[in-house]
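Peer 1: Okay, predicted coordinates and the sequence, questions at the end:
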Amino acid sequence: MSDNKADKNGPDVSGSALCHLLPQLLPCEAAVILETGSAPTILCFSTDHEKAFTASSLIDALKLSTARLSAEGGVEAGLFPEPIYGFRSWASKPIGSKDGHKVLVLCLNSSTEPFPSPALTRLATLTANISSPEIRKKNQPYWTDI
């Protein structure tokens, strides 16, 4: 999968399920799972949003974010300095690492208000038992993890 777009042909079940559920369980319009590093990669994104997310642009925007705050379980939240793909606020949670790079769950909203505190606690709770080996790239069979 390249940095340009998340490939939706044959998505990973666990990553897709998480990306689909988070917008239903949180005040979150879109969810993205991305791997950081020198060649950042989007592992999956919520199917309700057909945007052409790029991992590097999301990571760059996160670095420039304002109104940052930290919550329990490694959850962070903030505001983008300017809209990115129409989204203004974000919340993230690291869910492990893959090949030595952090893997993040990223929730996005178009609101200019930061994520409310109860939503950050819920994000920490919902992702507490997830580890990144469960988040496989497209077309990687589940049995390669065994």
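Peer 2: Nice, I can see it.
Peer 1: what sits up against stretch 114-129?
Peer 2: With Cβ atoms under 8 Å, 6 or more residues apart in numbering as the test, stretch 114-129 has contacts from 18, 21-22, 25-28, 67, 69, 71-75, 77-79, 89-91, 93, 95, 105, 107, 109. All C-beta atoms are positioned from the backbone trio N, CA, C, and that covers glycine.
Peer 1: change it to 10 Å
Peer 2: 18, 21-22, 25-28, 31, 66-79, 88-96, 105, 107-109 (Cβ atoms under 10 Å, 6 or more residues apart in numbering).
Peer 1: Which positions within that stretch qualify as buried?
Peer 2: 114-115, 119-120, 122-124, 126-127 (16 or more other Cβ atoms under 10 Å).
Peer 1: Neighbouring strands - and their directions - for the longest strand seen in the chain?
Peer 2: If you go by DSSP state E, the chain has its longest strand at strand 87-98. Strand 87-98 pairs in its sheet with strand 76-84 (antiparallel), strand 101-109 (antiparallel), by DSSP bridges.
Peer 1: how about the ones you listed in JSON lines, adding distance to residue 60?
Peer 2: Output for the strands paired with strand 87-98, formatted as JSON lines (distance: least, Cβ to Cβ, whole Å):
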{"stretch": "strand 76-84", "distance to residue 60": "9"}
{"stretch": "strand 101-109", "distance to residue 60": "13"}
